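**Student:** Sequence and predicted structure, then a few things I'm wondering about:
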Amino acid sequence: MINFEEELKKFHPSLEVEDAEEAIYNQDMTDMADLMVKVVKESKTTAEE
């Protein structure tokens, strides 16, 4: 049986849209486009040497 009092203690309100947006954008996450730019820059510097 569900103990509602215990479940309410575990509850954390969700972030507001602005707060969630800020939290998402402040994370330093590398995506495939970032990786491709890095590989191209490294290959250019290697080719120039």
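**Tutor:** Okay, I see it. Numbering: from 1, shown residues only.

**Student:** Least confident secondary structure element in the chain?
**Tutor:** helix 17-25 (a mean of 79; mean pLDDT, DSSP states H and E).

**Student:** next helix or strand past it?
**Tutor:** Sequence order places helix 32-48 as the next helix or strand after helix 17-25, per DSSP states H and E.

**Student:** May I have that following helix as CSV, with CA atoms only?
**Tutor:** What follows is helix 32-48, C-alpha atoms only, in CSV (Å, rounded to 0.1, in the frame of the first residue of the first chain):
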residue,chain,number,x,y,z
MET,A,32,28.8,15.6,-32.3
ALA,A,33,29.2,19.0,-34.0
ASP,A,34,31.7,20.0,-31.3
LEU,A,35,33.7,16.8,-31.8
MET,A,36,33.7,17.2,-35.6
VAL,A,37,35.0,20.8,-35.3
LYS,A,38,37.8,19.6,-33.0
VAL,A,39,38.8,16.8,-35.3
VAL,A,40,38.9,19.1,-38.3
LYS,A,41,41.0,21.7,-36.5
GLU,A,42,43.4,19.0,-35.3
SER,A,43,43.7,17.5,-38.7
LYS,A,44,44.5,21.0,-40.2
THR,A,45,47.2,21.6,-37.6
THR,A,46,48.6,18.1,-38.2
ALA,A,47,48.6,18.6,-42.0
GLU,A,48,50.4,22.0,-41.6
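
**Student:** For it, the averaged confidence score.
**Tutor:** Mean per-residue pLDDT for helix 32-48: 88.

**Student:** mind checking how far the least confident helix or strand of the chain is from the chain centre?
**Tutor:** Centre-to-centre, helix 17-25 and its host chain are 10 Å apart (Cα atoms, centre = their mean, to the nearest Å).
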